[in-house]
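Peer 1: Below are the sequence and a predicted model; questions follow.
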Amino acid sequence: MIRRKRIAVVGAGGATPGQTELAESVGGEIARHDAILLCGGGGGVMHAAARGASAAGGLTIGILPGYDADAANDAIAVPLPTGLGHARNVVLVASADAVIAIGGGPGTLSEIALALKLGRRVIGLDTWRPQAPDSDAVAIVRARDAAHAVQLALAPEEDTP
């Protein structure tokens, strides 16, 4: 059996209209590449990405912070309640082959940091630009647009900068 790639899309629940449009495009691209979209199951970037993937016929999984599956947005096909609160961020990024970050606040920054710590590829679109104390840039691969972000997420490790 060939396993489908799992791509997490992370970003703020209170995203800008431009970020939600970008997230919806990313979700659609993930579905068109027959990958599975993982997200936090909430609003903003998460809802837009799931909506885009669902509209394109893709599978959407929401890793929820609480115990209520019905708290997931209406574009989540498989809600997974964790009861872990913010700690669900590690479950989300650990479950993914790659993470695409769009916009975001401190929660998104924590997901980026956890993904990097776990060795997951992180692709950024209009998101944080963290820098290490020694002034080295943190390894977030910058994408031009939604299609490029998904291409980078699906590329073999040796094919990304």
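Peer 2: Looks like it arrived, so ask away.

Peer 1: lowest-confidence helix or strand of this structure?
Peer 2: One helix or strand of the chain scores below all others by mean pLDDT, DSSP states H and E: strand 140-142, with a mean of 92.

Peer 1: Residues in contact with whichever helix or strand comes after it: which ones?
Peer 2: Scanning forward in sequence from strand 140-142 by DSSP states H and E, the next helix or strand is helix 146-154. Contact partners of helix 146-154, identified using CB atoms under 8 Å, 6 or more residues apart in numbering, comprise 5, 7, 22, 25-26, 28-30, 33, 35, 97-100, 121, 123, 125, 141, 143, 160. Heads up, the C-betas are built off the backbone N, CA and C, glycines and all.

Peer 1: repeat for stretch 97-110
Peer 2: Stretch 97-110 is contacted by residues 5-12, 14-16, 19, 22-23, 26, 45, 49, 86, 89, 93, 111-112, 115, 120-128, 130, 140, 143, 149-150, 152-154 when judged by CB under 8 Å, 6+ apart.

Peer 1: how about the residue nearest to Gly40 when sequence neighbours are not counted, what does it touch?
Peer 2: In space, and not counting its chain neighbours, Gly40 is closest to Met46: 4.8 Å by CB to CB, 6 or more residues apart in numbering. Met46 is in contact with Val9, Val10, Gly11, Gly13, Ala23, Cys39, Gly40, Gly62, Asn73, counting by CB under 8 Å, 6+ apart.

Peer 1: These in strands, which ones?
Peer 2: Mapping the contacts of Met46 onto strands (DSSP state E) picks out Val9, Val10, Gly11, Cys39, Gly62.

Peer 1: measure the second one to Pro133 for me?
Peer 2: Here Val10 is placed at a distance of 24 Å from Pro133 (CB to CB, to the nearest Å).

Peer 1: Neighbour count for these two, which is higher?
Peer 2: Between Val10 and Pro133, counted using other CB atoms under 10 Å, Val10 has the larger neighbour count: 31 against 5.

Peer 1: ok and the lengthiest helix in the chain relative to helix 146-154, angle-wise?
Peer 2: If you go by DSSP state H, the chain has its longest helix at helix 17-32. Calculated by axes from the mean of the first three to the mean of the last three CA atoms, to 10 degrees, helix 17-32 forms an angle of 50 degrees with helix 146-154.

Peer 1: Could you give me the buried positions within helix 17-32?
Peer 2: Across helix 17-32, burial judged by 16 or more other CB atoms under 10 Å covers Gln19, Thr20, Leu22, Ala23, Glu24, Ser25, Val26, Gly27, Gly28, Glu29, Ile30, Ala31.
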